[in-house]
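A.B. asks: here is my input; please provide its structure:
(one chain, ligands or ions: 2)
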Amino acid sequence: MRSAQPARPAEHADTVVVGSGFGGSVAAHRLAAAGREVVVLERGRAYPPGTFPRTPREVSRAFWDPSEGLHGMFDVWTFRGFDSLVSSGLGGGSLIYANVLLRKDERWFVHEDPLPRGGYEDWPVTRAELDPHYDAVERMLGATPYPVAHPAFAGTPKTEAMRRAAADLGLDWQLPPLAVTFAPRPGAEPGLGLPIAEPAFGNIHGLPRRTCRLCGECDIGCNDGAKNSLDHTYLSAAQADGADIRTRCEVRTIRRRDGGGYEVGYVVHDPAIEGRRTATRELPEHTITCDRLVLAAGTYGTTYLLLRNRETLPGLNLRALGTRFCGNGDLLTFLLPPDDDRTGTVFDASRGPVITSAIRVGDARDGGDATGRGGYIEDGGYPGFAAWLVDSTDMTGRLFRTGEFLARWLLGWLLGWADTSLSREVARLIGNGTLAAGALPLLGMGRDVPDGVMGLRGNRLDVNWTTATSAEYFARTREVMHGIAETLGSRYVDNPMWFFRRVVTVHPLGGAPMSHRSGDGVCDGYGRVWNLPGLSIADGAVLPGPVGANPSLTIAALADRMCTRMLEDRDGAGEPG
Ligand SMILES: Cc1cc2nc3c(=O)[nH]c(=O)nc-3n(C[C@H](O)[C@H](O)[C@H](O)COP(=O)(O)OP(=O)(O)OC[C@H]3O[C@@H](n4cnc5c(N)ncnc54)[C@H](O)[C@@H]3O)c2cc1C
Ligand code: SF4
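C.D. replies: Numbering: from 1, shown residues only. Ligands and ions are numbered 1, 2, ... in the order given. This is a model prediction of the structure:
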C-alpha cells in the first residue's frame with residue numbers, strides 16, 4: 001500500500017478496481033488470488049488501528065472535501081428529500097459501519113414487482129444463487145453472533161431489552177452475524193481486549209489487533225482493530241496475493257479504448273496538501289489503462305463516474321443510468337426514559353458493539369399473515385463519551401446538583417465541618433446517569449420503494465428521492481418502534497428531521513441497476529455493463545431495489561459471484577452483448 005506520487009508515466013494493468021469498499025475489496029482479493037494483475041485506486045487514506053479521529057480537533061477534520069483540504073473518512077451528502085453518510089478510506093464503508101452481516105430474505109428477491117409510480121423492481125439473481133457467495137464472504141469476514149451468553153460480553157442490557165420487546169410484540173428476534181472478533185483465535189474462549197492471532201495472509205497495516213472491548217465506537221472507526229473491516233481481511237489478503245493497492249487516488253475519468261479495454265484518469269490527494277484549500281480541478285491527472293475495469297466506488301461514486309463519463313462510454317444504457325435509487329428504508333429514531341418519575345428500561349447503549357440484535361418485521365411477500373413491506377429494527381449504540389453528552393442535556397438536574405454541591409462545600413469550609421470527605425457529594429454532582437442509561441437509538445431499515453433518480457445538476461451529483469411513495473412502509477416501521485417503546489416503558493422520539501419527512505440514509509443503493517434484459521438496466525446479474533465488454537460494477541449501485549436488511553453482505557456476495565463468473569470466462573466470450 002502506498003500513496004501514489006505525481007507525474008507517473010502512463011501504465012497498464014490487467015484489471016483496475018476503483019474503490020476499496022465491499023465490492024472493490026472482494027474483487028481485488030478474488031482476482032489477485034487467481035493471478036490477475038490488479039491495481040486498486042482508492043480516493044481515501046488508510047486507517048491503521050489507533051489512528052481513527054477522537055479529539056474534537058481531529059473529528060473536525062475527519063470529513064471528505066479535498067477542495068477544502070479535508071481528506072477524512074466521513075462523506076456527508078444532502079439532497080432534496082434526504083441526507084446521507086458514506087465513507088472514504090481504505091476499506092470504504094466497513095471503516096464506520098456497524099458490522100451487521102445479514103442475508104437478504106429469500107422472498108424479497110422480487111421479480112417484476114410494480115412500483116407505485118410506474119416501472120418495477122426486478123432482481124436478476126436469486127437467494128439460492130447467492131447463498132454460496134454469502135457463505136464465502138461470511139467466512140472471510142469472520143461473521144459471528146454477539147456472544148451475549150458469555151460472562152465477558154453479558155453486560156449489554158440493550159440486547160436483552162430488544163429480545164423482550166420482540167417477544168411481547170410477537171416478532172422474530174435474532175443475534176445477527178457481526179464482523180467483529182470476540183475471541184483471540186477461532187474456537188477459543190471469547191474475552192475483552194485480547195491479542196488477536198494474525199491470519200496467514202498477514203495484515204496490511206502490519207499492526208497488532210485486539211478483541212472487542214465493548215466501547216461502542218464502531219461507527220467512528222475501531223482503534224483496537226477488533227472490527228474485521230475490509231482492510232484487515234479482504235484487502236490484506238489481496239495485497240498478500242500481489243494486488244497493488246493505492247490510497248489517495250481519486251478516479252475522475254474513464255474512457256473506452258478503441259480496440260478494447262479502458263483508460264482511467266485519476267488525481268492524487270497528497271498528504272502534503274491536506275488541511276489546505278486546493279483547486280482540485282487543477283491537480284495533474286495520471287493515466288492507467290486496463291483490459292478490465294471494475295467500478296466499486298459505491299452508489300454515489302460509481303453512478304457519478306458513469307454520469308460524468310457517459311460520452312466516452314458508448315453503448316451505456318442512459319435510460320436506466322441513475323434509476324432505482326433508494327435508501328434501504330433507513331429510519332433513525334430514539335427511545336428515552338419516560339417523562340414522569342417511572343424508571344424506564346436501562347439500555348446502557350454506549351456499552352457493546354453499536355448493533356447487537358435485530359427484530360424482523362414481516363412482509364406481505366413472506367407468505368404469512370404480514371402485510372406491507374417488511375424490514376428490520378436494530379438496537380443502536382454510541383461511544384462512551386457521547387453518553388456524557390447525552391446526560392449533560394439534563395440541564396435542570398445538573399444545575400440543581402451543582403448548587404447543592406457548592407453549598408455543601410462552602411458550608412463545610414466556612415464552618416470547619418469534621419467530615420472532610422467529599423466523595424459522596426462528587427458522586428451526586430455527576431448524577432445517576434438516568435438519561436444516558438435509558439436512551440437507545442433504534443435503527444430501522446427495510447423494503448422502501450426504489451423509485452429515486454440520480455443525475456447531474458451542473459457538475460454535481462443530484463438525487464431525486466423522497467419518502468412520499470414509501471409512506472406506508474415508514475408509518476409501519478414507526479408503529480412497531482412505538483410498540484417497542486411502550487412495551488419497554490420508554491418514551492418514543494422521532495428523529496427531528498422526520499418533522500419534514502426527511503431521513504438520513506447510511507445505505508444508499510441503486511443508480512446502475514442490474515437487470516435481466518439489456519434495455520431495463522445498466523448491467524446484468526453479474527455486474528457486467530451491457531454493451532461495454534470488460535466493464536463491470538461491483539458495489540451498491542447495481543442493486544435494483546432495497547436489500548431490506550443491512551446491505552453490505554449482499555453487495556459483497558454479488559461481487560464474489562461476479563468474480564467467479566469473470567474468472568470462468570477469461571477470454572470474455574460470455575460478455576453480455
Ligand atoms: C454509520 C454506518 C453504519 C453502517 N452499518 C452497516 C451495517 O452494520 N451493516 C451493513 O451491511 N451496512 C452498514 N452500513 C452500510 C455500508 O457501509 C455500505 O452499504 C457499504 O459500505 C457499501 O459498499 P460499497 O462497496 O457499495 O461502497 P463503499 O463501501 O462505500 O466503498 C466505496 C469506496 O470507493 C471509494 N471511492 C468513491 N469514489 C471514488 C473515486 N472516484 N475514486 C476512487 N475511489 C473512490 C470510497 O472512498 C470508498 O472507499 C453502514 C454505513 C454507515 C455509514
Ligand atoms: S465496540 Fe469498540 S472494540 Fe468492539 S468492535 Fe466496536 S469499536 Fe471495536
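
A.B. asks: for the stretch 251-400 of the chain, which residues are neighbours of ligand 2?
C.D. replies: residue 353 (C-beta under 6 Å from any ligand atom). The C-beta positions use only the backbone N, C-alpha and C, and glycine is treated the same way.

A.B. asks: for the one residue in the stretch 251-400 of the chain that gets nearest to ligand 2, give its distance to residue 312.
C.D. replies: Going by C-beta to the nearest ligand atom, ligand 2 is nearest to residue 353 of the stretch 251-400 of the chain, at 4.4 Å. Distance from residue 353 to residue 312, counting by C-beta to C-beta, to the nearest Å: 44 Å.

A.B. asks: these two: which is more packed in?
C.D. replies: Legend: neighbour count by other C-beta atoms under 10 Å for residue 353 and residue 312, higher for residue 353 (28 against 14).

A.B. asks: got the contact list for the more buried one?
C.D. replies: By C-beta atoms under 8 Å, 6 or more residues apart in numbering, the contact set of residue 353 is 98-99, 146, 178, 180, 212, 214, 216, 218, 381.

A.B. asks: helices of the stretch 251-400 of the chain, start to end?
C.D. replies: Secondary structure of the stretch 251-400 of the chain (DSSP state H, counting those that start in this stretch): helices at 298-308, 384-392, 395-415.

A.B. asks: thinking again about what came up before, reformat the contacts of residue 353 as TSV; add neighbour count.
C.D. replies: Listed next are the contacts of residue 353 as TSV, based on neighbours: other C-beta atoms under 10 Å:
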residue	neighbour count
98	21
99	28
146	24
178	26
180	27
212	28
214	22
216	23
218	27
381	30
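
A.B. asks: how about the residues of this structure that lie near ligand 2?
C.D. replies: Going by C-beta under 6 Å from any ligand atom, the residues of the chain near ligand 2 are 180, 212-218, 222, 224, 226-227, 353.

A.B. asks: which of these lies closest to ligand 1?
C.D. replies: Nearest member of the residues of the chain next to ligand 2 to ligand 1, counting by C-beta to the nearest ligand atom, is residue 218, at 7.8 Å.

A.B. asks: so which residues on the stretch 51-200 of the chain come close to ligand 1?
C.D. replies: Applying C-beta under 6 Å from any ligand atom, we find that the stretch 51-200 of the chain lies next to ligand 1 at 85-89, 92-93, 96-100.

A.B. asks: so which of the residues you listed is the most crowded?
C.D. replies: residue 92 (34 neighbours).

A.B. asks: next one: the residue nearest to that one when sequence neighbours are not counted from ligand 1, what distance?
C.D. replies: In this structure, residue 92 finds its nearest non-sequential neighbour in residue 21, 2.4 Å apart by C-beta to C-beta, 6 or more residues apart in numbering. Distance of residue 21 to ligand 1, given as C-beta to the nearest ligand atom, to the nearest Å: 2 Å.

A.B. asks: rewinding a little: any idea which of the helices of the stretch 251-400 of the chain gets closest to residue 150?
C.D. replies: Comparing the helices of the stretch 251-400 of the chain by their distance to residue 150 (C-beta to C-beta), the top pick is helix 384-392, with 20.9 Å.

A.B. asks: what's the average pLDDT for the closest one?
C.D. replies: For helix 384-392, mean pLDDT rounds to 69.

A.B. asks: and what of stretch 505-520?
C.D. replies: The model assigns stretch 505-520 a mean pLDDT of 96.

A.B. asks: what do you get for stretch 423-432?
C.D. replies: 67.

A.B. asks: go on, stretch 220-230?
C.D. replies: In this model, stretch 220-230 has a mean pLDDT of 98.

A.B. asks: and if you look at stretch 470-478?
C.D. replies: 97.

A.B. asks: what's in contact with that stretch?
C.D. replies: 326, 329, 331, 333, 361, 372-373, 375, 377, 444, 446-449, 467, 494, 503.

A.B. asks: can you flag which of those belong to strands?
C.D. replies: Residues from these lying in strands, with DSSP state E as the criterion: 331, 333, 361, 375, 377, 444, 446, 494, 503.

A.B. asks: could you export the residues you listed as a markdown table, including distance to residue 130?
C.D. replies: Putting the ones in strands among the contacts of stretch 470-478 into a markdown table (distance: C-beta to C-beta, whole Å) gives the following:
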| residue | distance to residue 130 |
| --- | --- |
| 331 | 26 |
| 333 | 31 |
| 361 | 22 |
| 375 | 19 |
| 377 | 24 |
| 444 | 24 |
| 446 | 19 |
| 494 | 35 |
| 503 | 27 |
